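here is a sequence with its predicted model. Questions after.
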Amino acid sequence: MKVYFCGSIRGGRDDVHVYRRIVHALQSYGTVLTEHVSSAELSDRGENNAASGDQAIHNRDLDWLRQSDVVVAEVTQPSLGVGYELGRAVDMKKKIFCLFRPSSGRILSAMIRGATDVKNFVVRDYSEDEVEKVLEQFFCSLKN
Ligand SMILES: O=c1[nH]c(=O)n([C@H]2C[C@H](O)[C@@H](COP(=O)(O)O)O2)cc1CO
């Protein structure tokens with residue numbers, strides 16, 4: 001199974017420790033195409049500060065998105081890139097699982113929570129200590 005993981009980069013790296021934990025858990029279900037999103041070495045400058053590098057990042061990520069079987073997004077830290085990826089993934093009819101931590105005090109965008117359709121677009125509120133369990137439940141549900 002190929003998993004596309006989305007997490008904030010230029011939107012802010014406050015949650016990178018959570019992304020690390022999610023990617024580690026996801027690797028027990030398949031190949032994570034976007035492992036770099038969880039790298040502690042990647043700052044909020046992104047992979048490449050030169051504007052010319054952005055098109056390469058965009059095109060590579062869209063290729064990976066097309067190849068993926070499932071999209072998992074940590075959406076607590078607002079990110080334009082993650083929102084864009086999710087919109088494109090909906091258009092590609094991907095299975096999408098969004099994870100949000102209410103303990104952040106934030107209120108998730110209506111354009112994400114409101115996209116829930118139970119079958120292909122699931123938004124799950126969770127706390128960090130239950131992340132592995134929540135992912136296990138999601139991947140089990142894919143088998144049914
Ligand atoms: O350097 C990058 N590499 C990269 O793969 N992305 C993708 C993957 C992330 O899920 C998402 C983050 O978007 P943003 O940088 O707007 O927070 O975009 C985004 C950037 C920088 O925008």
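Received, thanks.

tell me the first helix or strand C-terminal of the helix or strand harbouring residue 96.
Assessed by DSSP states H and E, residue 96 sits inside strand 95-100. Using DSSP H and E, the helix or strand that directly follows strand 95-100 along the chain is helix 110-113.

check whether that following helix contacts the ligand.
No - judged by Cβ under 6 Å from any ligand atom, helix 110-113 stays clear of the ligand, getting no closer than 13.5 Å. Placement of C-beta: from N, CA and C, glycine included.

list of residues touching the strand holding residue 96?
In this structure, residues lying in contact with strand 95-100 by Cβ atoms under 8 Å, 6 or more residues apart in numbering are 22, 69-76, 86, 89-90, 108, 112-113, 120-126, 131, 134, 138, 142.

please see if that strand touches the ligand.
No - Strand 95-100 lies out of reach of the ligand by Cβ under 6 Å from any ligand atom, never closer than 12.1 Å.

that strand pairs with which strands?
Next to strand 95-100 in the sheet, as set by DSSP bridges, lie strand 70-74 (parallel), strand 121-125 (parallel).

if we can go back for a sec, in PyMOL, how would I select the buried members of the contacts of strand 95-100?
This is how PyMOL selects the buried members of the contacts of strand 95-100, with burial counted by 16 or more other Cβ atoms under 10 Å:
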select buried, resi 22+70+71+72+73+74+75+76+86+89+108+112+121+122+123+126+131+134+138
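
so which helix or strand takes in the residue of the chain found nearest the ligand?
Nearest residue of the chain to the ligand: residue 81, at 1.9 Å (Cβ to the nearest ligand atom). For residue 81, the host element (DSSP H and E) is helix 80-91.

pull the number of nearby residues for residue 53.
Around residue 53 there are 12 other residues, counting by other Cβ atoms under 10 Å.

average pLDDT for the helix or strand containing it, rounded please.
Assigned by DSSP H and E, residue 53 belongs to helix 51-67. Here helix 51-67 scores 92 as its mean pLDDT.

for that helix, give me every contacting residue.
Taking Cβ under 8 Å, 6+ apart as the rule, helix 51-67 contacts 2, 4, 33-34, 46-48, 71, 85, 88-89, 92, 94.
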